[in-house]
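[1] Got a predicted structure plus its sequence, pasted below:
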Amino acid sequence: MRIAGLYAITDTACCRPEGLARVRAALLGGARVLQLRCKDPGLAMDAAQALVALGHDFGVPVLVNDDVELAYAARADGVHLGRDDATVESARARLGARAIIGVSCYADLDRARDLALRGADYLAFGSFYPSRTKPHATRAEPPLLTAARALCKPLVAIGGILPENGRALIAAGASALAVVDGVFGHNDITGAARAYQRLFEDTV
């Protein structure tokens with residue numbers, strides 16, 4: 001499964017049973033990757049299983065943020081790891097050779113280079129723009145994506161990305177644009193997702 005196009009990350013409302021319709025709306029708009037970010041342990045397992053089933057109905061990979069064991073139990077397609085999470089090697093040992101293991105590289109090309117060598121399947125950089133989801137995140141600049149192309153891994157850009165500024169990140173080298181509020185913060189989730197996915201179609 002490819003990591004490319006609109007990479008939709010769930011907000012809190014998506015983790016509730018009634019929130020699954022919001023994720024479906026993003027998929028109908030063209031989301032190509034889903035990541036479950038659920039901070040409520042009481043909802044996480046049911047949300048993960050439901051999201052995996054829905055994603056697979058659309059042929060879209062579903063990853064779990066931070067939690068390798070939840071990814072394993074829910075039969076997700078992989079996991080996204082931050083600085084304080086499991087290592088790439090331990091996640092691979094638990095989830096298997098076919099799992100997608102993504103990593104946050106922030107604005108650190110050396111970290112990206114190291115994690116690529118250790119087997120990460122994609123490298124995420126950001127925040128590129130001010131973000132309501134993580135307002136204090138380290139700031140990255142588009143030339144970082146251009147430099148990271150040499151690592152020959154899919155590159156995911158994250159942080160304050162809008163349809164108006166996302167095209168520049170794709171041009172710089174982003175394979176995917178990871179978005180939370182830009183999709184799920186809209187009343188018309190399908191339309192919002194479509195606006196992002198259109199950026200990739202326009203650059204083909």
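    Arrived safely, thanks for sending. Numbering: from 1, shown residues only.

[2] For the one helix or strand in the chain whose mean pLDDT sits lowest, enumerate the helices and strands it packs against.
    Lowest by mean pLDDT, DSSP states H and E among the helices and strands of the chain is helix 189-203, with a mean of 92. Helix 189-203 sits against strand 5-9, helix 20-28, helix 163-172, strand 176-179, helix 181-184, with contacts defined as 3 or more C-beta pairs under 8 Å, 6 or more residues apart in numbering; DSSP states H and E. No exception for glycine: its C-beta is placed from N, CA and C like everyone else's.

[3] Pull out the buried residues from that helix.
    189, 190, 192, 193, 194, 195, 196, 197, 198, 199, 200 (16 or more other C-beta atoms under 10 Å).

[4] re the thing from before, of all the helices and strands packed on helix 189-203, which lies closest to residue 115?
    Of all the helices and strands packed on helix 189-203, it is strand 176-179 that lies closest to residue 115, at 16.5 Å by C-beta to C-beta.

[5] Show me the contact partners of that closest one.
    With contact meaning C-beta atoms under 8 Å, 6 or more residues apart in numbering, strand 176-179 is reached by 3-9, 32-33, 35, 122, 124, 126, 154-158, 161, 166, 169-170, 196, 199.

[6] got it, and stretch 150-161?
    Outside stretch 150-161, the residues touching it (C-beta under 8 Å, 6+ apart) are 2-4, 7, 102, 112-113, 116, 120-132, 134, 137, 139-140, 145, 148-149, 166, 169, 173-179, 182, 196.

[7] Now do the end-to-end distance for that stretch.
    The first and last residues of stretch 150-161 sit 23 Å apart, counting by C-alpha to C-alpha, to the nearest Å.

[8] If you count residues, where's the longest strand of this protein?
    strand 100-106 (DSSP state E).

[9] What is that one packed up against?
    By 3+ C-beta pairs under 8 Å, 6+ apart, strand 100-106 packs against strand 78-81, helix 88-95, helix 109-117, strand 122-126.
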